[in-house]
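Asker: Fold the following for me, if possible:
(one chain, ligands or ions: 1)
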Amino acid sequence: MRVTVLITLLGLVNGCSSDSQAPVPTPQPTPHESNSAPKDLKMEDSKVRLSDEEWKKRLTPEQYYVLRQAGTERAFTGKYDKTKTPGTYACAACGQKLFVSDAKFDSACGWPAFFAPMKNALTTNVDYNLGYARTEVRCARCDSHLGHVFDDGPPPTGQRYCINSVCLVLREKKDDGK
Ligand SMILES: [Zn+2]
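Answerer: Modelled structure (predicted):
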């Protein structure tokens, strides 16, 4: 973002100081890939807090509905439901690493499931949206809704983190480099 602004400013300065008719090249903005974390969020920022309008600009309508309005994608439709590819699952809203593929298991519930998150990646709170208590899971960095955690998972934790695919971006191991 800053680079784009700088280039734009330089372009304006050039445009003002030039008295020729030569056209000033206009820098092309880099479009966000809809399915990857925003690249202008600095990873050293420990918390990401944006307005609803800013989130709407960054996310697809489905991502906004699930991540920011605590919606749920339809079961068995998510892109990572059956995925076994090695790698790290990051938050689709802010890029924070959330789960490793080694903790993923086939829960047959229709959404990606993990028996444990990465350290300090999540926050939880109880919601009653379906009329009974469920433990909601959110990204600790940007406070986006991810899914729910239940106590019917496999060893070693016995927990099942049931997460919407649309909230995740898989960074495959060969690309991760860490
Ligand atoms: Zn996040």
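
Asker: Enumerate every residue touching the residue nearest to Q96 when sequence neighbours are not counted.
Answerer: For Q96, ignoring the flanking residues on the chain, the nearest one in space by CB to CB, 6 or more residues apart in numbering is R141 at 4.1 Å. For glycine as for every other residue, the C-beta is placed from the backbone atoms N, C-alpha and C. With contacts defined as CB atoms under 8 Å, 6 or more residues apart in numbering, the neighbours of R141 are 46-48, 91, 94, 96, 121.

Asker: Ranking by neighbours, what's the top pick from those residues?
Answerer: When those are compared by neighbour count (other CB atoms under 10 Å), C91 ends up highest, at 25 neighbours.

Asker: give the contact list for that one.
Answerer: C91 sits next to 37, 97-98, 139, 141-142, 144, 146, 167-169 when contact means CB under 8 Å, 6+ apart.

Asker: tell me which parts of this structure are close to the ion?
Answerer: Taking CB under 5 Å from the ion as the measure of proximity, the chain contacts the ion at 91, 93-94, 96, 139, 141-142, 144.

Asker: Pull the most distant pair out of those.
Answerer: Taking CB to CB, the two most distant members of the residues of the chain next to the ion are Q96 and S144; they sit 9.5 Å apart.

Asker: Sweet, I'm off.
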